[in-house]
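Participant: Below is the sequence, then the predicted model.
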Amino acid sequence: MKLLITGGAGFIGSNLCEWFVNNGYDVVCLDNLSTGFRHNIEPLMSKPNFRFIEGDIRDLDTCREAVRGCEVVLHEAALGSVPRSINDPINTNANNITGFLNMLVAARDEKVKRFVYAASSSTYGDSKELPKIEHNIGRPLSPYAITKFVNELYANVFTSLYGIETIGLRYFNVFGRRQDPNGAYAAVIPLWVKALINHESPFINGDGSYSRDFTYIDNVIQANYLAATVSHDEIVKRASLYNMNLPQNAPVDLVFNVAYGGNTTLNELFRCLRENLAKYDSAIAGIEPTYRENRAGDIPHSQASIIKAQRILGYQPRYSATEGFEQACEWYYNNLR
């Protein structure tokens, strides 16, 4: 099978490229290197089943070139970060909506079989329901959340009109190796790990009671593999296990939560990271966090129901948040110093 992985030099994308290449798939990686890095994919450059295209999803011709001959697209390219979208909604929209639409059009025109895309837990917006269930969403709280919801709407329409199979994976706070700790919009875990390694006090927004369903990267890889490879007939058959009736001859258009199904407060996260990093540097054990105002656009709590993905895709996350923190801290300590 030949796959296109967009955003393939980024955090999630490079991990997907590595896994699929090492497991014998032919992989095309498309990235404009605006938030991704060539060094993330450098070990793959000499592999005969890997091709890198430096290009932008906002250019339709580039999208067409990249997707040509591919059976499946794993669309990871996007401008992430709620704060970034608040500060620069136009650029976020251009990448996450125009770029997404370009990739859908290119995939349609090149007769791609299945289009798997990175959706987001931010789509749940102001919904207070826990755990989050795919069919119950709230009002978006940021431009980023709007773009990811629009992606789902476009996917649904393209499946209905053109017959391309689409599967959205709503990621919940993914973390792990190669997540960039630098820059104004770095995610909380690499940011805190970098601070602790440097013997600095990490900032916690609010009182630390906000909670997230932190999801280790290897669980995300598993979900993408299943979304790319589970057959149409198998999905239709398994859908009945989730009380869904999918027509046998209709193309698939589904959205799944991708998480562990747990719940970790920011205070618990800090203590866990500190404990794991102190194994390598005992001075870290004495560092305390600094608390500050809550961040605009943040939701208080997020926890996923993963029953739908378990029953229809066969998703079984191997790593809890705690197990993932241990793995990630080892990688970070060895790579960030």
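Facilitator: The structure has been received and is ready for your questions. All figures in this text were calculated on a predicted structure; none of them were measured in a lab.
Participant: remind me, longest helix of the chain?
Facilitator: In the chain, ranked by residue count with DSSP state H as the criterion, the top helix is helix 143-162.
Participant: Tell me where the stretch 101-250 of the chain has strands.
Facilitator: Along the stretch 101-250 of the chain, counting by DSSP state E, counting those that start in this stretch, strands occupy 114-120, 165-171, 174-175, 203-205, 211-212, 215-216.
Participant: what's the average pLDDT for stretch 206-221?
Facilitator: Averaging pLDDT along stretch 206-221 gives 96.
Participant: what about the helices in the stretch 201-337 of the chain?
Facilitator: Using DSSP state H, counting those that start in this stretch, the helices of the stretch 201-337 of the chain run over 217-229, 232-239, 266-278, 307-312, 321-336.
Participant: if we can go back for a sec, what average pLDDT does the longest helix of the chain get?
Facilitator: 97.
Participant: orientation of it relative to strand 114-120 in degrees?
Facilitator: 160 degrees (axes from the mean of the first three to the mean of the last three C-alpha atoms, to 10 degrees).
Participant: list the contacts for Ile53?
Facilitator: Contacts for Ile53 (C-beta atoms under 8 Å, 6 or more residues apart in numbering) come out as 28-31, 62, 65-66. For the C-beta atoms, the positions are set from N, CA and C on the backbone; glycine is no exception.
Participant: which residue sits closest to Lys148, ignoring its sequence neighbours?
Facilitator: In this structure, Lys148 finds its nearest non-sequential neighbour in Ser120, 4.0 Å apart by C-beta to C-beta, 6 or more residues apart in numbering.
Participant: Residues in a beta bridge with that neighbour, which ones?
Facilitator: Counting by DSSP bridges, Ser120 forms beta bridges with Tyr171.
Participant: For this protein, which residues score under the pLDDT cut-off?
Facilitator: Applying pLDDT under 70 to the chain picks out residues 183-185, 297.
Participant: repeat that for 90
Facilitator: 80-83, 180-187, 247-250, 294-301, 335-337 (pLDDT under 90).
Participant: do you know how far the most centrally placed residue in it is from Ser121?
Facilitator: Compute the mean C-alpha point of the chain, and by C-alpha atoms, centre = their mean the closest residue is Tyr171, 4.7 Å away. Note on Tyr171: its distance to Ser121, by C-beta to C-beta, to the nearest Å, is 7 Å.
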